[in-house]
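Enquirer: Have a look; sequence and predicted model below, questions after that.
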Amino acid sequence: MFIKSRLDLFLLASLLCTPQIPTRQNHSVAHPGDRIYLDVVVSATSGPPVSGLQQQDFTVLDNKVPQAITSFEALDGLQAPTEVVLVIDAVNVGPREAAIERAEISKFLKINGGRLGYPTAVAMLTDKGLQFQENFSQDGNAIRTALGQYKIPLRSIGRDADRGGAAQRFQISFQGFAELLARERDRLGRKLILFVSPGWPRLGGLENMRDVKLREQVFGNIVEISTQLREGQITVYSIDSSAIGDIDPGLTDPPTNHLRPSDRKVNIEGAIQPSDVGMGDLTLGVIAAQSGGLALYPGNDIAAALQKCVADAGAYYEISFDPAITDQPNEYHHLEIHAAKPGLTTRTQQGYYSQPWSAEKFAAESKKLGGAGDDQSYYANAHPYVNLPMAQLVDRIPELKTLQPAPDQQELSMILQKMGRRLDDFIRDVGDLIADEDVTQEKFNANGKIKAKERVQDNYLILHHGYEWGASSEYRMDDKGNRLGPMGLEKGYLVTSGVALNCISFSTIAQSQSKFRYLGEEKIDSRETYVLGFAQQPGEATFFTTMRGTGGADVDMLTQGILWVDKNSFQIIRMRSDLLAPSHEMRLDRLTTKVTFGEAKLQEVPNPLWLPSDVDVSIEIGGQKFHNVHRYTNYRRYRVSVKIVAPQ
């Protein structure tokens with residue numbers, strides 16, 4: 001029995017009326033959250049899908065950038081829930097083609113004595129809309145009997161109307177596809193949708209480049225289709241019996257299996273922005289290829305083509321990775337999966353459209369890490385580079401290329417003692433300061449090139465509260481003394497601050513919180529320096545590097561790094577710090593801070609203070625790269641004057 005399905009869709013009143021794909025608000029039940037899950041089919045030049053591969057055999061590229069695989073599972077249709085939907089198109093074919101399609105599907109349903117490998121249902125697309133078989137079944141004979149009792153209504157769209165009724169056929173076909181997508185996307189498991197159809201007509205009206213609204217609406221449909229196919233684990237297949245435009249038009253006898261040149265492409269790039277939308281972007285063949293399916297032109301051997309498509313469920317791999325955090329909605333990411341073994345090709349969804357995290361999402365993720373800074377178990381597998389053999393350490397830290405390695409650790413105690421005393425004096429003398437700050441903020445694209453850059457200038461206030469340091473003690477102000485918010489955050493930059501007093505963590509009282517290693521001596525400019533490596537100790541450290549989410553939640557992290565200490569004054573003149581361990585939950589892979597200290601002479605302080613003059617911060621988070629450069633000049637005392645006005 002077939003039942004008619006109806007989904008109310010908003011129709012765009014424009015040059016072309018395009019059904020709007022309803023926006024989906026929730027993620028897949030099986031795959032909640034923002035992680036990207038892909039069903040990957042691997043095959044040789046010819047033959048069935050390849051099984052038996054391991055995680056290490058695969059490389060995932062997101063916009064050409066390798067991604068860490070977060071989960072991997074080799075599956076087949078017997079292990080994982082799988083359903084098949086056969087769609088017969090009676091809108092875009094004539095009576096002869098429709099009869100052949102029906103006969104070939106009946107032939108497919110009789111294979112193996114009618115015992116189908118997966119639960120299967122048939123849907124019929126007619127001028128009156130999409131009609132579904134009532135239930136899924138693995139009894140091909142029963143489905144064939146029901147199909148034989150169903151009379152396909154004659155097409156009412158005249159061939160002489162509107163270029164063969166192209167606009168009306170597109171409207172009916174695309175609305176039927178939208179209904180099918182809405183019906184299948186929330187069902188459990190993997191779904192294979194097999195369209196026996198030449199496809200619906202191409203979009204018309206896009207040649208009018210001035211119709212920006214139409215392009216935006218079509219682009220919105222493209223984004224929703226891509227997202228819902230991926231999250232719903234839906235793969236689309238186009239089986240075109242007409243072979244329109246091929247060398248051998250029409251149905252052939254004997255059957256031929258041929259592809260037009262454009263369909264041999266492994267990848268079909270998705271639209272990056274509304275201005276890129278083309279007339280063919282919503283055609284069935286393009287949707288099928290981009291979903292990881294096939295666009296086949298089998299001539300009159302449709303049954304064999306259906307078998308080829310269903311065989312994809314026989315062996316495949318579910319692979320996931322965490323996508324890059326983006327600050328722009330609907331940002332297209334091109335995907336590639338490479339198999340290490342020669343002669344193998346892969347098919348999966350060819351791209352996805354990422355969405356920015358909301359402030360609530362970022363705060364929630366940050367809150368999960370609230371105690372990571374002092375959690376010893378979190379850093380149980382951390383391997384500080386201070387423990388590396390010297391040759392490996394120099395490879396890791398290029399700034400050490402002229403280092404003269406230390407023969408032993410005998411001088412370490414003396415260096416720490418005198419450096420600590422110098423910093424104790426600094427804490428006593430520093431007081432409240434203000435400086436001129438010049439900041440350059442940069443964002444990079446996937447190829448490592450700068451995609452956005454901004455320069456800001458402000459007055460940088462440093463309030464000294466004993467041994468407290470960090471962003472809570474440092475503020476940005478305008479020329480009138482008004483406190484400024486995180487400049488550039490609304491444009492997608494990462495805002496950095498809180499480095500002016502970070503040397504306090506190496507004062508006498510705080511040195512026990514870190515492990516030190518005397519590395520040797522190195523000349524920095526004209527100064528001879530001792531070089532020390534350090535790594536904060538989990539469970540001991542009370543000075544943290546803090547990341548604050550847009551929701552206000554703080555995440556504390558421990559660091560490791562290198563100190564260059566002047567051999568005469570025992571003043572730190574340069575410092576580099578890195579994360580002790582990446583934050584996988586925050587997806588913060590790198591936070592490298594390089595600080596150059598310079599002399600600042602202040603009134604009422606007999607000896608110059610050494611304060612940051614240049615700070616260079618490199619960040620890699622969620623697959624994105626950021627770079628901030630801070631320059632500080634004109635350090636001076638900060639004093640607040642109060643004017644008392646006598647009452648009138």
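Expert: Received it, and whenever you're ready, just let me know what you need. Residues are numbered from 1 along each chain as shown.
Enquirer: what about residue 65, how many neighbours?
Expert: 15 (other C-beta atoms under 10 Å). To be clear about C-beta, it is placed using only N, CA and C from the backbone, and glycine gets the same treatment.
Enquirer: Residue 136 too?
Expert: If we define neighbours as other C-beta under 10 Å, then residue 136 has 16 of them.
Enquirer: what do you get for residue 530?
Expert: The burial count for residue 530: 23, using other C-beta under 10 Å.
Enquirer: Next, the contact list for it, please.
Expert: 411, 415, 518, 521, 564-565, 567 (C-beta atoms under 8 Å, 6 or more residues apart in numbering).
Enquirer: among the residues you listed, which are in strands?
Expert: 518, 521, 564-565 (DSSP state E).
Enquirer: hmm, which two among those are most spread apart?
Expert: Greatest spacing in those, by C-beta to C-beta: 518 and 564 (12.4 Å).
Enquirer: any shared contact partners between those two?
Expert: 530-531.
Enquirer: For these two, indicate the residue with more neighbours.
Expert: residue 564 (24 against 21).
Enquirer: Now do that one against residue 485, distance only.
Expert: 34 Å (C-beta to C-beta, to the nearest Å).
Enquirer: residues of stretch 300-312 that come out buried?
Expert: The neighbour-count check on stretch 300-312 (16 or more other C-beta atoms under 10 Å) flags 300-306, 308-312 as buried.
Enquirer: name the element residue 102 belongs to?
Expert: Taking DSSP states H and E as the definition, residue 102 sits inside helix 95-109.
Enquirer: so what's the residue nearest to residue 212 when sequence neighbours are not counted scoring on pLDDT?
Expert: Among residues not flanking residue 212 along the chain, residue 274 sits closest, at 7.1 Å (C-beta to C-beta, 6 or more residues apart in numbering). Looking at residue 274, its pLDDT is 85.
Enquirer: all helices for this structure, in order.
Expert: Per DSSP state H, the chain carries helices over the ranges 95-109, 140-148, 162-184, 212-231, 284-290, 302-310, 359-368, 390-396, 412-429.
Enquirer: would you turn these into JSON lines with distance to residue 131 and mean pLDDT?
Expert: Formatted as JSON lines, the helices of the chain follow (distance: least, C-beta to C-beta, whole Å; pLDDT from 0 to 100):
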{"stretch": "helix 95-109", "distance to residue 131": "14", "mean pLDDT": "86"}
{"stretch": "helix 140-148", "distance to residue 131": "12", "mean pLDDT": "90"}
{"stretch": "helix 162-184", "distance to residue 131": "9", "mean pLDDT": "84"}
{"stretch": "helix 212-231", "distance to residue 131": "21", "mean pLDDT": "89"}
{"stretch": "helix 284-290", "distance to residue 131": "18", "mean pLDDT": "92"}
{"stretch": "helix 302-310", "distance to residue 131": "20", "mean pLDDT": "93"}
{"stretch": "helix 359-368", "distance to residue 131": "40", "mean pLDDT": "53"}
{"stretch": "helix 390-396", "distance to residue 131": "64", "mean pLDDT": "93"}
{"stretch": "helix 412-429", "distance to residue 131": "79", "mean pLDDT": "92"}
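Enquirer: Please list all residues in contact with the residue nearest the centre of the chain.
Expert: For the chain, the residue nearest the mean C-alpha position is residue 323 (2.1 Å; C-alpha atoms, centre = their mean). Counting by C-beta under 8 Å, 6+ apart, residue 323 touches 34-36, 62, 333, 352, 354, 622-623.
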